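Engineer: Next come a sequence and a model predicted from it.
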Amino acid sequence: MSPMSVPAPGQEAAQAASGQGPQPVFTEIDHVAIAVNDLPAAIDYYRETFGAVVDHREVVESDGVEEALLKVAESYIQLLTPTREDSPVAKYLERKGEGLHHIGYRVADCAAALEQVTSQGFRAIDAAPRPGSRGTTVAFLHPKDAFGTLIELVQE
Ligand code: CO
């Protein structure tokens, strides 16, 4: 294979299935999280424009956020708004404005997935899995080591 060539379609999946290289860790996109200033207005927008309705709402005190989960097939749109000024989402809105905040990927075992990432030298925000919304177990990875995306590992 020359340095310019890329794997043939399906080659990487075939390698993973044959036990060469890491097994796939993500089982599903759990949610796409969007930071908003006005949660009721954002919920109205998704309902009136796309017919997406709220499946779950929760205030996560430890993160200083209120969230609304709108179900799309087996995944969610997670609308996020801060509940206090020192919340990381409040700082995010101040710095970057509304928009895509993070992507939650479903995993079978959050601790094992976190270990797989950190054992390769990539940074995590959470040193250990912790409770998320909907009774999930979650861990966030550092966006600087993930090509600019804040990644959340979500175990149901
Ligand atoms: Co999330």
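Structural biologist: Yep, that arrived.
Engineer: tell me the pLDDT at residue 7?
Structural biologist: At residue 7, the model reports a pLDDT of 68.
Engineer: next one: the one 5 residues further on
Structural biologist: With respect to pLDDT, residue 12 has a value of 67.
Engineer: Same question for residue 23.
Structural biologist: 82.
Engineer: quick one: which helix or strand includes it?
Structural biologist: In this structure, residue 23 is located outside every helix and strand according to DSSP states H and E.
Engineer: So what's the residue count around it?
Structural biologist: 8 (other Cβ atoms under 10 Å). Quick note: C-beta positions are derived from backbone N, CA and C, even for glycine.
Engineer: where does it sit relative to residue 111, distance-wise?
Structural biologist: Counting by Cβ to Cβ, to the nearest Å, the gap from residue 23 to residue 111 is 16 Å.
Engineer: what's the single longest helix in the chain?
Structural biologist: helix 39-50 (DSSP state H).
Engineer: just how off-centre is that helix within its chain?
Structural biologist: 21 Å (Cα atoms, centre = their mean, to the nearest Å).
Engineer: Only the buried residues of it, if you could.
Structural biologist: 39, 42-43, 46 (16 or more other Cβ atoms under 10 Å).
Engineer: Now do the contacts for the spatially most central residue of the chain.
Structural biologist: By Cα atoms, centre = their mean, the chain has its centre lying nearest to residue 104, at 1.9 Å. By Cβ atoms under 8 Å, 6 or more residues apart in numbering, residue 104 lies in contact with 29-33, 78, 138, 152-154.
Engineer: Try it again at 10 Å.
Structural biologist: By Cβ atoms under 10 Å, 6 or more residues apart in numbering, the contact set of residue 104 is 28-33, 75-76, 78, 132-133, 136, 138, 140, 150-154.
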